[in-house]
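Chemist: One predicted model, sequence on top.
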Amino acid sequence: MNPIIGEILGYACGFCTTIAFLPQTIKSIRSRNVSGLSLSMYVIYCIGLIFWILYGVYLDSFQMVLFNGITLLFNSIILYLIIANMGRKK
């Protein structure tokens, strides 16, 4: 396979999977309503993203580190809102 095609595919895949979380992040920030979101899912997903970032560092894959880092940021914001919302309910 042509390495340029591989690079383009890597960026396209990373962009699409990262941008998929943007609407939920924006909606959660605006509404502050995260009552329907699962705390355990976002904790596990954030841990998985950390491992993907570490794996990307190990492979020296800029795309993997970049896009998983951005996705981790989006998911961490939602996770923070879920945890903060739990504190308000008590």
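Modeler: Okay, I see it.
Chemist: Point out where the protein drops to low pLDDT.
Modeler: 89-90 (pLDDT under 70).
Chemist: Show me where it has its strands.
Modeler: For the chain, applying DSSP state E gives no strands.
Chemist: Taking the centroid of it, which residue is nearest it?
Modeler: In the chain, the residue lying closest to the centroid (C-alpha atoms, centre = their mean) is T71, at 2.4 Å.
Chemist: any idea how far that residue lies from M86?
Modeler: 23 Å (C-beta to C-beta, to the nearest Å). All C-beta atoms are positioned from the backbone trio N, CA, C, and that covers glycine.
Chemist: what's the burial count for L49?
Modeler: 20 (other C-beta atoms under 10 Å).
Chemist: likewise G48?
Modeler: With other C-beta under 10 Å as criterion, G48 counts 14.
Chemist: circling back: settle this for me: the residue nearest to the centre of the chain is touching I50, isn't it.
Modeler: No: T71 is beyond contact range of I50, at 10.8 Å (criterion: C-beta atoms under 8 Å).
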